[in-house]
Structures are given as C-alpha cells and as structure tokens.
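**Student:** With the sequence up front, the predicted model follows.
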Amino acid sequence: MIIKSVMTKDPICVTESTTVTEAKQIMTSNKINKLPVLDSSKRLVGIITKNDIAKVSPSEATTLDMYEISSLLSKLTCGKFMTKKVITVEETEVVEEAARLMADKNVGCLPVVKDDVVVGIVTESDLFELFVEMFGARNSGARANFEMEDKPGQLATVFGQIAALKGNLISVVTRESKDISKRRITVKVSGITVEQLEELLKKEGAEIIDIRNI
C-alpha cells in the first residue's frame, strides 16, 4: 500500500506570516494538531504544531491580562516558531517506510509532497487506522498469535488446512521473532472455532503464544 491511499489529501496549511493566534484557532476549529507552513510560492518551508504554539504562549502564571496576551500572540508568526527541517514523503512511497521514518525520527506526521508542492499529510492517526484494518480489528473471529519455522511453504500449509475446514482468513500479519530461525505470525479467521484453529496449528508444529475468540 502506498501513501496516496492513506494520506489526508489537500491538508489545511498556513503561511509564514500567519499569526500564532490564527494557527491556534485553525487547529482548534478543525480538530488538528499540525499545520504545514508554506511560503508565498506555496512551497513547503516548515511545520508548526500545537506543542510549538504552547511553548510560545504565556503560562497560566503570567501577570499579563487577556488583552496583553492577545496583543503579544498577534505579533508572533508561524514563520518564527515553525520547525524548518521538515521530513517529507512522496505520495508514491510505501506506508511502511513512512511509519519507519516517523518512528525513527520521532515525528507525529509527514507532509506529502509532489514537485515540492504539499498534496497531503500522513499522521499517526492515519497509520493507526491502517493498523486496525490490517489486523481485522472490526471483524470477529478466532485469533491466534504463534511462531513457526521460517521455511518456504509453512504458511501455505496452514492456510490450506484452514480452507479445508471452510474457514475464511480475515487477516494475516507476520514479523520477525527473537529466534531468527522463526517468524511470529498473527492470524484471524472466521468460520471455524478457536479449538479447530488451535488443533490445526499444533498439528503443523506451531508454537502458540496466544489464541482466543474476539
């Protein structure tokens, strides 16, 4: 799956001259926490977040009155407080690379660019939604987490056994195991019982870590 499939298209953006007050109002009214910042040519030059705004806003302990606070914030612009070094991705990038970048760089979103123009944004929420879909979390069934030898044809045999029992695969997710000779696998299946799934997995030599009906 590529970024274009999961990103929010045509995201709300601000300019370098947008005031911090305006940016805060935009975030609040649209229930978002991050805004790409564009220059006069509509090219991406930075990003400003709710945390950035909180850092420059007076604390509750300030002696300034509301008028003074509003006056102060009206003079502060996004161009002065934005993060200038923005990590971006292209809309043709795969989602796992975007997730890796966000995890490795400790960022909560990635503007999506095409020819230096912002065409979308992908956030942690977008990836969480994809995570929910990948695990079939909104569908009920027998779910098993297990390990098997990392050999060609192992999963094909398991899937064949599930099909023979008239079971239907809802989701399959695999990842590395601490034992490099094995793979950690999570499957969710409808149409068969937990007992049937457990029996066939044990028959195929799987080491079951967790199995339940959800």
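**Tutor:** Happy to help now that I have it.
**Student:** Show me the shaky parts of this structure.
**Tutor:** By pLDDT under 70, the low-scoring segments of the chain are 57-73.
**Student:** So which residues of it form strands?
**Tutor:** 8-9, 14-15, 34-38, 44-49, 89-90, 109-114, 117-123, 142-149, 168-176, 182-190, 207-213 (DSSP state E).
**Student:** Kindly reformat these as a markdown table containing mean neighbour count.
**Tutor:** For the C-beta atoms, the positions are set from N, CA and C on the backbone; glycine is no exception. A markdown table is the format used below for those (neighbours: other C-beta atoms under 10 Å):
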| stretch | mean neighbour count |
| --- | --- |
| strand 8-9 | 12 |
| strand 14-15 | 20 |
| strand 34-38 | 24 |
| strand 44-49 | 22 |
| strand 89-90 | 18 |
| strand 109-114 | 22 |
| strand 117-123 | 21 |
| strand 142-149 | 19 |
| strand 168-176 | 14 |
| strand 182-190 | 20 |
| strand 207-213 | 12 |
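**Student:** wait, which of those is closest to V56?
**Tutor:** Smallest distance to V56 across these (C-beta to C-beta): 9.9 Å, for strand 44-49.
**Student:** Leaving out sequence neighbours, find the closest residue to the residue nearest the centre of the chain.
**Tutor:** Geometric centre of the chain, nearest residue: L127, 2.2 Å, by C-alpha atoms, centre = their mean. In this structure, L127 finds its nearest non-sequential neighbour in A99, 5.5 Å apart by C-beta to C-beta, 6 or more residues apart in numbering.
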